[in-house]
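**Student:** Structure of the sequence below:
(one chain, ligands or ions: 2)
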Amino acid sequence: MAAFFYERMSAIQEWGGGILDDLATRGYTVVKNLIPNETAVALSNEVRSGYREDDFRPAAVGRGDEKKVIPEIRSDYVQWLDPNYLSLHMQAYWDVVDSLCLLFNREFFAGLREFEAHATVYPPDSFYVKHLDQHRNTAHRIFSCILYLNTDWLPEDGGYLKIHHDTAPLDVLPEMGTFVCFRSDTIWHEVLPTHRERKSITGWLRR
Ligand code: OGA
Ligand code: MN
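**Tutor:** Ligands and ions are numbered 1, 2, ... in the order given. Okay, here's the model as predicted:
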C-alpha cells in the first residue's frame, strides 16, 4: 500500500502542475490514469455487487430539510461511503484524493478538510439535469471529484458528463478510470440520459 501511495504521489506531483493549471484557468480537469486500471476494475466490480445486493438508494437533491428525491431532476442510485470502513481498493482511491487535497491546500490555500463520496449507479434511461454542486446558502463543497467505472463505453451509449463552459465546453465519456475534478461553485454540468448502466464514484472535497 505504501509503495502504491508513493508511486501515485509522484504521478500527482508530475501531473499536479497540469491539474492545478486546468483548475485555475478553466475550473475543471480530466485525468485518464489517476489510479491503476486494476484498481478501477476492482472498484467497478464492488459497485456492481453492492447495487445487485440492493445496498443503493434513489439519490436526493438539496440538503437538510429541503432534501428530496425528485426523479425529474436526477434518477441515479447511490450508496454513501463511510471513510472508516473502506475496502482496500476504495482506500487506495481515497488516498489518491487525499493527496490531491493536500496539493490544493498547499497551492490554492483551499482550506479543504474532508472528502465525502458515494458510489453511484445510473440505470438505463437515467440522467441528472444541468446543475451546480455547491448547495445554495452553504459553501461546503469546493471541488467535485468523479471517477468513472465502465468498460468499453461507446458514444452511442450516451451518459456523457456534459460540462457547460463559455470557452471550453466538454462532453466526457464515463470510461473506466477517467477522473474528472471541477469547481463545485462555478461549473454547471449535467449527465445526459444513459442507455447502459453507468457506474462511478462521486465525491466532494469540503471546507
Ligand atoms: C453529481 C453529478 C456527474 C456524473 O452527482 O452531482 O453531477 O458524471 N455527477 O456522474
Ligand atoms: Mn453534479
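**Student:** Could you list the low-confidence segments of the protein?
**Tutor:** Within the chain, the segments meeting pLDDT under 70 span 1-17.
**Student:** how about 50 then?
**Tutor:** In the predicted model, the chain carries pLDDT under 50 at residues 1.
**Student:** and the residue of it found nearest ligand 1, how many residues sit next to it?
**Tutor:** In the chain, the residue that lies nearest ligand 1 is residue 161 (3.6 Å; Cβ to the nearest ligand atom). (C-beta placed from N, C-alpha, C; glycine too.) When neighbours are defined as other Cβ atoms under 10 Å, residue 161 has 23 of them.
**Student:** same deal with residue 151?
**Tutor:** By the other Cβ under 10 Å criterion, the neighbourhood of residue 151 contains 11 residues.
**Student:** just checking, it touches residue 44?
**Tutor:** Yes: proximity of residue 151 to residue 44 meets the contact threshold set by Cβ atoms under 8 Å, at 7.4 Å.
**Student:** Please name the nearest non-neighbouring residue to residue 83.
**Tutor:** Closest residue to residue 83 apart from its sequence neighbours, by Cβ to Cβ, 6 or more residues apart in numbering: residue 94 at 6.9 Å.
**Student:** before we move on, what SS does that neighbour have?
**Tutor:** helix (DSSP: H, G, I helix; E, B strand; the rest coil).
**Student:** so who does it touch?
**Tutor:** Residue 94 is in contact with 83, 86, 115, 117, counting by Cβ atoms under 8 Å, 6 or more residues apart in numbering.
**Student:** which residues does the residue nearest the centre of the chain bridge with?
**Tutor:** Central residue of the chain (Cα atoms, centre = their mean): residue 146, 1.4 Å from the mean position. Using DSSP bridges, the bridge partners assigned to residue 146 are residue 180, residue 202.
**Student:** I appreciate the help and will end here.
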